[in-house]
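1. model this:
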Amino acid sequence: MFHASAKTHAIFDEERVIAYAGLEPVMRLAERCGLDALVEEHVAIANPLGANAPAKIGSIVAGMATGADSIEDLDALRHGGMDKLFDQIRAPSTLGSFLRAFAWGNVRQLEKVNRRLLAALAVHTPLLPDVGVLAFIDVDSMQRRTYGYHKQGSGFGHTKIQGRSVLVRGLNVLASTVSTPLSAPVICGMRLRGGSAGSARGAESFVREAIGTAKAAGAGGAGEGIVVLRGDSAFYSAGVVGACRDHDVRFSVTAKMDRKVKAAIASIPETAWVAIKYPDAVFDERAGRWVSDAEVAEITYTAFTSKKNRATTARLIVRRVRELNPRDGIGQDELFASWRYYAIFTDSPFHLVQAEAQHRDHAVMEQVNADLIDGPLAHLPSGRFAANAAWVTLAAITHNLLRAAGCLASAFHAKARGATLRRHLIVVPARVARHGRGQVTLHLPAHWRWQCAWSSVFDAAHGPPRARAA
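-> Numbering: from 1, shown residues only. Here you go, the predicted structure:
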């Protein structure tokens, strides 16, 4: 320290400094992709507190982009020179009243805004490279814990904590994403449900919406590309598979280990098993150990035969992992060898090993969930169910905007965590200087480590730079 503590002072009086300079290009990108126009067109709230929805939704999205995880945190927008860059910033109390004015129909309208905005972002940014060649739609659910009895719809549902399935009180979020082998996943849709809802409830209609959203963003191209929907055993149902078949989408879902599936696995000849080597060790939660090799095989299987006109014939790809041998090292390895089986029901056109590896990549959903929990979904801030449902959808909009900004910034930021994007691109201090006729200059810190990435987003959001006058 250059100065003694007694000679160091702090005064909060600078009216031209802002803490989140990265909001300017991000919200400019949202404007260019038509967020305000989409809200104006599709969101119509009858309650008088829902007036001026574009400005209020813009305020909430901007607040979430800075890291706000509650309604009170949205007050971070009202500081320093923010009013010199943004118009109609609303107070947290106003935004809270606005969210509570939502009805379930308004939430569905907001979901439509998210779907349309994602399609626009895919056009304006390299959000989903080669999406017309190969795209993956992932579906998953997560239980967000709540405390007390004051939140509408809260109930006990299953979630995994440290590898164990436990019942926790909360609300359930159903989410779908679209990604490519070259991109990070972006959110097609999110739907809040009661805490006691099973993962499969409403899954068929939700999957149909997700497929439509992914195709609007370019998935499948002109009918020549491949789209694969991936899900865990909760989505192993005739409805989900039928939705995929109806929309010319391939499916890859974990099969439930019922009696018929076990019998099909037992019928696989020993010579059909192919040894595979994982590039990285994988932790087997059920076996409680790390594994680095396995064997795979496949057999034709007909599922859902008990459903009228819903029987589906496809591939049953099975991965087996050798269980820990309790008598290893005493000369009886083969006698006591046993396997743990994992079955996938799929009509993937890829060869055996590749199709199985692609299904395991469904784990990218865990990173999306982690990003959301580390950001806007750290809390479900309202006591009203519809308000929380709107908050969840706004979190999806914010996630996609940050992903689009990351794609414009650099190859590293295109796949970086949400917290990294906020730290590198959003939470950047700047001094706002106004000069000339409506000219504004942001003076950012010299030697900022991510200056090139930040400037790439800024330049892309503002179009080609103007030639300076001599």
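
2. Would you map the helices across the stretch 101-250 of the chain?
-> 104-124, 203-216, 238-246 (DSSP state H, counting those that start in this stretch).

3. highest average neighbour count across those helices?
-> Of all the helices of the stretch 101-250 of the chain, helix 203-216 has the most neighbours on average by mean count of other Cβ atoms under 10 Å, namely a mean of 21. Heads up, the C-betas are built off the backbone N, CA and C, glycines and all.

4. Contacts for that helix, please.
-> Residues from elsewhere that reach helix 203-216, judged by Cβ atoms under 8 Å, 6 or more residues apart in numbering: 111, 115-116, 118-119, 135, 137, 139, 174, 176, 178, 188-189, 191, 220, 227, 229, 234-235, 237, 239-240, 242-244, 246-247, 249.

5. how does it look with 7 Å?
-> Contacts with helix 203-216, where a contact means Cβ atoms under 7 Å, 6 or more residues apart in numbering, come from 115, 118-119, 135, 137, 139, 174, 176, 178, 188-189, 191, 227, 229, 235, 237, 239-240, 243, 247, 249.

6. Distance of the spatially closest residue to His462 that is not a sequence neighbour relative to Ser348?
-> Computed as Cβ to Cβ, 6 or more residues apart in numbering, the closest residue to His462 that is not its neighbour in sequence is Arg28, at 6.4 Å. According to Cβ to Cβ, to the nearest Å, Arg28 stands 40 Å off from Ser348.

7. ok, those two, which is more surrounded?
-> Set Arg28 next to Ser348 and count neighbours by other Cβ atoms under 10 Å: Ser348 wins out with 21 against 17.

8. Count the residues that sit near the nearest residue in space to the more buried one that is not next to it in sequence.
-> Using Cβ to Cβ, 6+ apart and skipping the chain neighbours, the partner closest in space to Ser348 is Ala355 (4.1 Å). By other Cβ under 10 Å, the residues close to Ala355 number 21.

9. ok so Ala355 is a strand residue?
-> No. Applying DSSP: H, G, I helix; E, B strand; the rest coil, one finds Ala355 to be helix, outside a strand.

10. Tell me the pLDDT of it.
-> pLDDT recorded at Ala355 is 95.

11. Cross-check the contact I'm expecting between it and Phe345.
-> No. Counting by Cβ atoms under 7 Å, Ala355 sits too far from Phe345 to count as a contact (11.3 Å).

12. now the angle from the helix or strand where Ser59 lies to helix 104-124?
-> If you go by DSSP states H and E, Ser59 is part of helix 53-65. Following axes from the mean of the first three to the mean of the last three Cα atoms, to 10 degrees, one obtains 70 degrees for the angle between helix 53-65 and helix 104-124.

13. what's helix 53-65 packed up against?
-> helix 23-32, helix 35-42, helix 92-100, helix 385-409 (3 or more Cβ pairs under 7 Å, 6 or more residues apart in numbering; DSSP states H and E).

14. May I see the ones you listed arranged in TSV, with mean pLDDT and distance to Arg320 as well?
-> What follows is the helices and strands packed on helix 53-65, written out as TSV (pLDDT from 0 to 100; distance: least, Cβ to Cβ, whole Å):
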stretch	mean pLDDT	distance to Arg320
helix 23-32	96	47
helix 35-42	96	48
helix 92-100	97	49
helix 385-409	97	36
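
15. Show me which of those has the highest average neighbour count.
-> Counting by mean count of other Cβ under 10 Å, the most buried of those turns out to be helix 385-409, with a mean of 25.

16. could you say what helices and strands the helix or strand following that helix packs with?
-> Downstream of helix 385-409, the first helix or strand assigned by DSSP H and E is helix 418-421. For helix 418-421, the packing partners by 3+ Cβ pairs under 7 Å, 6+ apart come out as helix 385-409.

17. Just the angle for the helix it packs on relative to helix 53-65, thanks.
-> Using the same axes, to 10 degrees: helix 385-409 against helix 53-65 is 70 degrees.

18. Now that Val427 has come up, it's in contact with Leu23, right?
-> No. Between Val427 and Leu23 there is no contact, the gap being 9.5 Å when judged by Cβ under 7 Å.

19. shared neighbours, those two?
-> Thr66.

20. Show the contacting residues for the residue nearest to Glu40 when sequence neighbours are not counted.
-> Nearest residue to Glu40 in three dimensions, chain neighbours excluded: Pro54, at 5.3 Å (Cβ to Cβ, 6+ apart). Contacts for Pro54 were tallied using Cβ under 7 Å, 6+ apart; they are 36, 39-40.

21. Can you tell me which of the residues you listed comes closest to Val123?
-> Closest to Val123 out of those is Asp36 (17.2 Å), distances taken as Cβ to Cβ.

22. Skipping adjacent residues, who's closest to the closest one in space?
-> Nearest to Asp36 is Pro54, by Cβ to Cβ, 6+ apart, at 4.2 Å.

23. Met82 now?
-> Ile18 is the one closest to Met82 (Cβ to Cβ, 6+ apart), at 5.4 Å.

24. Would you list the phi and psi of that neighbour?
-> phi -120, psi 150 (degrees, to the nearest 10).

25. and the gap between it and Ala311?
-> Ile18 is 61 Å from Ala311, by Cβ to Cβ.

26. quick one: low-confidence ranges for the stretch 101-250 of the chain?
-> Residue ranges of the stretch 101-250 of the chain with pLDDT under 70: 162-163.

27. Could you pull out the strands in the stretch 151-300 of the chain for me?
-> 155-161, 164-179, 186-193, 226-231, 250-254, 274-284, 289-303 (DSSP state E, counting those that start in this stretch).
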